[in-house]
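1. sequence plus the predicted model coming up.
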Amino acid sequence: MADSAVVEPRLLRGLRDLLPDQMRARQQMIDTIRGVYESYGFVPLGTPSLEYLDVLTGSAGQEANQSLFRVRNPDRTEREQTEDPTERLGLRFDLTVPLARVIAQYPNLPRPFRRYQVASVFRADKPDPGRYREFTQFDIDSVGVESDLADTEIIAVACDALSALNVGPYQVRFSSRRVLNLLLEFAEVREPITLRWPKGTTARHMADESGTRAARDVFRVLDKLDKVGFERVKLELTAGYQDESGDMIPGLGLEDSQVERIRAFLAVEGERRDDVLRQLRELFSGLPDATAEIDGLARISDRLGGLGYAEDRVRLDLSIARGLAYYTGPVFEARLMEAPQYGSVFGGGRYDDLVTRFLGQRIPATGGSMGVDRLLAALVEKERIRLVPSTAQVLVTTLDPGLTDEYLAIAGELRRAGIRTEPFLGKPGYGQSKKQFRYADQCRVPISVVLGGDEKQAGVVIVKQMDVGRQLTQQAGDRAAWLEMRPGEIRVPRADLVAAVRERLRLLGE
RNA sequence: GCCGUUGUAGCUCAGUUGGCUAGAGCGUCUGACUGUGGAUCAGAAGGUCUCGGGUUCGAGCCCCGACAACGGCACCA
């Protein structure tokens, strides 16, 4: 291979190409979501893929650092960058941090600033099935609004977007980080937490652990409840354990009585939001700050109810923790009932302190993020979206090289009539007809237009509907009969071509 | 990051205790067929057997190492 100049075509793992059929479906989805977001009056924002490393880090706690793609700053030498970390660059890992930067950097933006943004984000984690190192998020956020009206609206717009996408039944679950903070109070969890390692732990396991955690680390553990069940969560909250691979998982060292209180909190659940609220008021009746927070959740619930978002698709679920450290108020996530294995397809919450880093001044904000890739994968699996690899509605075949100008004229006519049309640009010729029809078939172009010498002389064209033949090809038959079939074809006067094509497309629902 | 499995044609895989020029199916291309998608038939292209070292008269096969992919765990803003 060394002496030949070819480079092996390849991608870093976790990255992928999006071929036309995927790309088309994704664009349709994005258009749909954008339509819903704009119907609420949100405005688009674009930011660069690259940001300074110090802009990106620090916001999401330690988690952010390890999965960042780092990029060399072309204006600085390697040495300069190493000596001055503020000169280093990285690829954005979400759209929320860049938004916070923009808010701080453009103080004249109108407030509330309600923006949407759809873009690739990058994480250098180990890829898993359905989890990539570059993926697309479609974010929507309201910045500068203290009121829980803003949170209510984010939940509503998420519901509307999911409905518009025809994803089937879905459920948005919400809770509040502040209620979870009350839980820490209720369970008497004190700062800081000292990690407790299970028996048999060696120094190697503990190497890069700091030994203490913040109390909110409890939330990160609770977030796993769905996935691993309460027993496993309990172990991680108390003494830690050794998992199947032999890894030592440190415990948070809580007492049994504390875990009991957490269990009682998690037992607060129900179909009806006001039922959950009632139980919660009872459980937290000894906490002076609880009433105000629970009232806030009640307001969101009531307003959503008033807007018609009923219990079947919006639930108050106190186990929604969301691991992210920066949430400060209501948090929410959505999942598809028909495809729960895809996890959360929309998630977010209130983050009132995120802009503080850049401005030194607190600016309330709330918002969420639609996981475009997960959603697309789920829709494809559930056959709720069609994968079509071409944009053309019509292929003009080129049987007779002498009629080339005519073919181009036909394509032009159809395009002016608003019909997406492609002339066959490969080798023309009567003998090439097989290839041309096969091309139309493979690309799923719904209609072919055929014009040879015979038709030219008769002043007609053939409009051929490809799906008729596509079905017939399933059955075997002898060649003569096959050639005779000419499935799905109609002959129309040349002058009626546009009308005939338009009518066919209408019947096909294209 | 940890544990495990696997690397042979574009894809899925076969390949005898280590033995001649490394095979099949599917796919691709060409023709049968200057006017129709499928099927059929004939033919063709496509391989440094992941890479590097070792053992051997001889390695796709055995040994060591690296890399990669896949699966599980941890992580997942």
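-> Perfect, I can see it now. Residues are numbered from 1 along each chain as shown, chains lettered A, B, ... in the order given.
2. just checking, A:V259 is part of a strand?
-> No - A:V259 is assigned helix when assessed by DSSP: H, G, I helix; E, B strand; the rest coil, not a strand.
3. could you pull up the mean pLDDT of stretch A:104-116?
-> The average pLDDT within stretch A:104-116 is 95.
4. convert the C-alpha atoms of it to CSV, please.
-> Taking C-alpha atoms only, stretch A:104-116 is exported to CSV below (Å, rounded to 0.1, in the frame of the first residue of the first chain):
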residue,chain,number,x,y,z
ALA,A,104,-23.3,37.5,28.1
GLN,A,105,-21.6,38.8,25.0
TYR,A,106,-24.6,40.7,23.4
PRO,A,107,-26.2,42.6,26.3
ASN,A,108,-28.5,44.4,23.9
LEU,A,109,-30.4,41.3,22.8
PRO,A,110,-34.1,41.7,23.7
ARG,A,111,-35.2,39.9,26.8
PRO,A,112,-36.8,37.5,27.1
PHE,A,113,-34.5,36.0,24.5
ARG,A,114,-36.3,33.0,23.1
ARG,A,115,-34.2,31.2,20.7
TYR,A,116,-33.9,27.8,18.9
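5. pull the distance from that stretch to the chain's centre.
-> Taking CA atoms, centre = their mean, to the nearest Å, one finds stretch A:104-116 lying 24 Å from the centre of the chain it belongs to.
6. for that stretch, list every residue counted as buried.
-> Within stretch A:104-116, the residues scored as buried using 16 or more other CB atoms under 10 Å are A:104, A:112-116. The way it works is simple: take the backbone N, C-alpha and C, and place the C-beta from them, glycine included.
7. now the spatially most central residue of chain A, which residues is it bridged with?
-> Nearest to the mean C-alpha position of chain A, counting by CA atoms, centre = their mean, stands A:G371 at 1.4 Å. As for beta bridges, A:G371 partners with A:Q137 under DSSP bridges.
8. residue contacts, it?
-> A:G371 makes contact with A:135, A:137, A:344-347 under the criterion CB atoms under 8 Å, 6 or more residues apart in numbering.
9. A:L399: which of those is nearest?
-> Checking the contacts of A:G371 against A:L399 by CB to CB gives A:F135 as the nearest, at 45.1 Å.
10. tally of neighbours for A:A292?
-> Neighbours of A:A292 under the rule other CB atoms under 10 Å: 9.
11. any stretches of the stretch 101-250 of chain A with poor pLDDT?
-> Low-confidence segments of the stretch 101-250 of chain A, defined by pLDDT under 70: A:199-211, A:242-248.
12. residue furthest from the geometric center of chain A?
-> For chain A, the residue at maximal distance from the C-alpha centroid (CA atoms, centre = their mean) is A:Q457, at 54.6 Å.
13. need phi/psi at that one.
-> The phi/psi pair for A:Q457 (degrees, to the nearest 10) reads phi -60, psi -40.
14. for the residue nearest to the centre of chain A, give its distance to A:R494.
-> Here A:G371 is placed at a distance of 50 Å from A:R494 (CB to CB, to the nearest Å).
15. equivalent analysis for A:R357, please.
-> In this view, A:R357 and A:R494 are 68 Å apart by CB to CB.
16. next one: A:R261
-> Distance, A:R261 to A:R494, by CB to CB: 82 Å.
17. more crowded one of those two?
-> Neighbour tally, A:R261 and A:R494, criterion other CB under 10 Å: the higher count belongs to A:R261, 18 against 14.
18. can you name the residues that contact the nearest residue to the more buried one once chain neighbours are set aside?
-> When the adjacent residues along the chain are set aside, A:R261 lies closest to A:A187, with 4.1 Å between them (CB to CB, 6 or more residues apart in numbering). A:A187 is in contact with A:254, A:258-259, A:261-262, A:265, counting by CB under 8 Å, 6+ apart.
19. could you rerun that using 6 Å?
-> Applying CB atoms under 6 Å, 6 or more residues apart in numbering, we find A:A187 in contact with A:258, A:261-262.
20. for A:R131, see how far away the closest residue to A:G130 other than its chain neighbours is.
-> Nearest residue to A:G130, sequence neighbours excluded (CB to CB, 6+ apart): A:A377, at 5.8 Å. According to CB to CB, A:A377 stands 10 Å off from A:R131.
21. one more: A:R494?
-> 54 Å.
22. likewise A:V449?
-> A:V449 sits 44 Å away from A:R131, going by CB to CB.
23. okay, the two: which has more neighbours?
-> A:V449 (24 against 14).
24. give the other helices and strands that the helix or strand where the more buried one lies contacts.
-> Secondary structure from DSSP states H and E places A:V449 in strand A:447-450. Counting by 3 or more CB pairs under 6 Å, 6 or more residues apart in numbering; DSSP states H and E, the packing neighbours recorded for strand A:447-450 are strand A:394-396, strand A:460-465.
25. output the below-cut-off pLDDT ranges for chain A.
-> Using pLDDT under 70, the flagged stretches of chain A are A:1-6, A:58-66, A:83, A:199-211, A:242-248, A:323, A:474-477.
26. now do the buried residues in the helix ranked longest in it.
-> When chain A is parsed with DSSP state H, its longest helix is helix A:20-39. Applying a neighbour-count criterion of 16+ other CB under 10 Å, one finds A:21-22, A:24-26, A:28-30, A:33-34, A:36-37 buried in helix A:20-39.
27. next one: the closest residue to A:C443 other than its chain neighbours from A:D441, what distance?
-> Nearest residue to A:C443, sequence neighbours excluded (CB to CB, 6+ apart): A:S390, at 3.9 Å. Distance, A:S390 to A:D441, using CB to CB: 11 Å.
28. again with A:W482
-> The gap separating A:W482 from A:D441 is 14 Å, by CB to CB.
29. what's the answer for A:Y351, then?
-> Distance, A:Y351 to A:D441, by CB to CB: 51 Å.
30. which one's more surrounded, those two?
-> A:Y351 (26 against 16).
31. distance of the more buried one relative to A:T328?
-> A:Y351 is 6 Å from A:T328, where distance means CB to CB.
32. who touches the residue in the stretch 301-450 of chain A that RNA strand B sits nearest to in this structure?
-> For the stretch 301-450 of chain A, the residue closest to RNA strand B is A:Y430, as judged by CB to the nearest atom of the strand, at 2.7 Å. Residues near A:Y430 by CB under 6 Å, 6+ apart: A:L399.
33. what do you get if the cut-off is 7 Å, keeping everything else the same?
-> With contacts defined as CB atoms under 7 Å, 6 or more residues apart in numbering, the neighbours of A:Y430 are A:399-400, A:452.
34. buried stuff in stretch A:125-142?
-> By 16+ other CB under 10 Å, the buried positions in stretch A:125-142 come out as A:127, A:132-142.
35. which of the residues you listed come close to RNA strand B?
-> Among these, the ones lying near RNA strand B by CB under 7 Å from any atom of the strand are A:P127.
36. got JSON lines for the buried residues of stretch A:125-142, with secondary structure too?
-> Output for these, formatted as JSON lines (three-state DSSP):
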{"residue": "A:P127", "secondary structure": "coil"}
{"residue": "A:Y132", "secondary structure": "coil"}
{"residue": "A:R133", "secondary structure": "coil"}
{"residue": "A:E134", "secondary structure": "strand"}
{"residue": "A:F135", "secondary structure": "strand"}
{"residue": "A:T136", "secondary structure": "strand"}
{"residue": "A:Q137", "secondary structure": "strand"}
{"residue": "A:F138", "secondary structure": "strand"}
{"residue": "A:D139", "secondary structure": "strand"}
{"residue": "A:I140", "secondary structure": "strand"}
{"residue": "A:D141", "secondary structure": "strand"}
{"residue": "A:S142", "secondary structure": "strand"}
